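> Next come a sequence and a model predicted from it.
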Amino acid sequence: MIISIVVLFIIGTLCYNNFIKEKTTSPEANTVIKKVATKPKKEVKKAETVKWIKQTEPVKIPILMYHSISTGNSLRVPPAEFKQQMAFLKESGYYTLTPAEMYKAFETNSLPSKKVVLLTFDDGYTDNYTEALPILAANKQQGTIFMITDTTGKKNHLTLAQMQDMIKDNITIESHTVTHQELNSLKKELQLKELSDSKLFIKQRLKHDSILVSYPVGRYNEDTLAATKEVGYKMAVTTEPGLASKADGYFKLKRVRVVPGLSQESYQHLIENGL
Ligand SMILES: [Zn+2]
């Protein structure tokens with residue numbers, strides 16, 4: 001009797017183990033798991049597939065400062081030169097950041113590429129659309145325009161339609177205030193107005209939440225730094241020369257001025273060293 005019970009128990013245990021084994025290793029069960037696992041992959045957005053690499057040293061970014069892409073004075077870079085510079089950046093493996101990506105780079109101390117640069121254009125000249133945009137679009141490079149919102153559609157300045165067109169080609173429109181007055185010469189209330197009204201214009205007309213401002217003529221004071229933060233910008237650029245670094249403060253980021261007539265060596269040196 002006891003032997004029969006023991007034998008039955010052993011048979012029962014063996015059958016149960018086999019049942020469990022079959023259940024967990026059946027090909028059907030695997031397929032189900034695979035299907036569930038592969039589904040979300042297809043839904044991953046392109047931006048998320050760029051691998052950001054943590055940096056060991058604090059991130060420093062060359063923010064290149066352009067104005068008009070034409071000839072005539074020391075602020076204007078001729079189209080042929082600009083084309084060569086963009087080709088150089090592309091061939092050298094530079095990734096052109098958006099302002100949001102730059103903020104992420106500073107916040108996380110990581111980069112989406114070994115070499116990065118932020119291309120900026122102050123004042124919103126028409127030639128940014130006619131000359132710079134075709135070059136940037138052909139190279140799949142991203143740029144940032146600092147618009148003086150009150151000059152929209154005025155002589156030599158971008159129209160609303162041109163800006164909307166540029167956004168489709170990965171150009172970001174950010175603020176260069178409403179009227180381009182030197183902020184340090186204004187009372188804080190007026191500074192707040194210049195900063196908030198231009199932000200509102202960009203939000204309402206271009207459906208973009210502006211996070212970056214370029215102080216007109218690079219002028220600012222303590223009120224400017226406070227006002228910029230109060231209005232809701234995340235960062236601001238000056239015209240002080242050098243590579244941009246979080247250590248300088250988000251509202252005092254340095255830039256690299258591009259003057260006409262630079263050799264490729266000087267251009268490269270400028271980007272690598274900021275001076
Ligand atoms: Zn300006």
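Noted; the coordinates are in hand. Numbering: from 1, shown residues only.

> Distance from the chain centre to stretch 161-174, please.
Centre-to-centre, stretch 161-174 and its host chain are 14 Å apart (Cα atoms, centre = their mean, to the nearest Å).

> Identify each buried residue in that stretch, please.
Within stretch 161-174, the residues that qualify as buried are Gln162, Met163, Met166, Asp169, Ile171, Thr172, Ile173, Glu174, counting by 16 or more other Cβ atoms under 10 Å. All C-beta spots, glycine's among them, are computed from the backbone N, C-alpha and C.

> So for that stretch, mean pLDDT?
Averaging pLDDT along stretch 161-174 gives 98.

> what do you get for stretch 150-157?
Across stretch 150-157, the per-residue pLDDT values average to 98.

> ok, and does it reach over to the ion?
No - using Cβ under 5 Å from the ion, stretch 150-157 stays clear of the ion, with a minimum separation of 10.1 Å.

> and which of the buried residues of stretch 161-174 is nearest to Met65?
Glu174 (12.9 Å; Cβ to Cβ).

> mind checking the SS state of that closest one?
Three-state assignment for Glu174 (DSSP: H, G, I helix; E, B strand; the rest coil): strand.

> With the one 5 residues further on instead?
In three-state terms, and counting by three-state DSSP, Thr179 is coil.

> Phi first, then psi, for the nearest residue to it once chain neighbours are set aside.
Spatial nearest neighbour of Thr179, chain neighbours left out: Asp150 (5.1 Å); criterion: Cβ to Cβ, 6 or more residues apart in numbering. Main-chain dihedrals, Asp150, degrees, to the nearest 10: phi -70, psi -20.

> can you check the one 4 residues further on too?
Reported as degrees, to the nearest 10, the phi and psi values for Lys154 are phi -80, psi 170.

> residue of the stretch 151-275 of the chain with the smallest distance to the ion?
Using Cβ to the ion, Pro216 is the residue of the stretch 151-275 of the chain that sits closest to the ion, at 5.1 Å.

> helices and strands of this structure: which one bottoms out on pLDDT?
Sorting the helices and strands of the chain by mean pLDDT, DSSP states H and E puts helix 27-43 at the bottom, at a mean of 40.

> Just the helices from the stretch 151-275 of the chain, written as ranges.
Along the stretch 151-275 of the chain, counting by DSSP state H, counting those that start in this stretch, helices occupy 160-168, 188-206, 222-231, 264-273.

> Thanks a lot, catch you later.
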